[in-house]
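In: The amino acid sequence is not available; the structure is as follows:
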């Protein structure tokens, strides 16, 4: 279970216990029974959302791994000020996906920028440009990669534990986005993209790109 969800789980549990107790004391009154059942369902969803499964990350210096779970919604060439000529892969994370984010390469954190912005739907075409987001640049020798956690309509809380200068290994956890979101990863254009649009990906497991 992700520690970032402890407060949310505690609130959902407390509300469920209060409503269930009132429902019991009122003899199962329908006006209290239904809210207690809904609260119980919300508690189960909260527990499910904040799951943090262990993963057998296969570290490989030639692979750039997915930073999150979701579905690829866009792949396009871009000119990035940090990476240079690059390819950007965008993935949509639904509320049912695992929301723990993982580092795509082993290396040093070059920068961490937090950009305040809008909260448009995560699947909106311009969400990568206008939505609130946390952007990380990493490098390892000549390899530079940039990835971003992007907020959505429901996802209003981005958690990122990385700091400039951190040395971190491929596949390690570095944060999460609460309740539905979007992620971008920008890789050198010379890398061979290994995923396609509409393909499901898993953080720390799916190879997004392979260095030639």
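Out: Nice, I can see it. Everything numeric here is computed off the predicted structure, so don't read it as measured data.
In: Would you state the strands of the protein in chain order?
Out: All strands of the chain, identified by DSSP state E, fall at 63-65, 70-80, 84-93, 100-102, 107-115, 133-140, 143-150, 157-160, 167-168, 173-178, 181-188, 192-193, 200-201, 207-210.
In: any idea of the angle the longest one forms with strand 181-188?
Out: So that's strand 70-80. With axes from the mean of the first three to the mean of the last three C-alpha atoms, to 10 degrees applied, the angle from strand 70-80 to strand 181-188 works out at 50 degrees.
In: what separates strand 70-80 from the chain centre, distance-wise?
Out: Distance of strand 70-80 from the chain centroid (C-alpha atoms, centre = their mean, to the nearest Å) equals 16 Å.
In: got the contact list for it?
Out: 85-94, 97, 123, 146, 182-183, 186, 189, 193, 195-201 (C-beta atoms under 8 Å, 6 or more residues apart in numbering). Any C-beta I mention is one placed from the backbone N, CA and C, and that applies to glycine too.
In: at 6 Å what do you get?
Out: 86-93, 97, 186, 195, 197, 199-200 (C-beta atoms under 6 Å, 6 or more residues apart in numbering).
In: Minimum distance to residue 23: which of the strands of the chain has it?
Out: Closest approach to residue 23 among the strands of the chain (C-beta to C-beta): strand 173-178, 28.7 Å.
In: Given that closest one, what are its sheet partners and their directions?
Out: Sheet pairing for strand 173-178, assigned by DSSP bridges, gives strand 100-102 (antiparallel), strand 157-160 (antiparallel).
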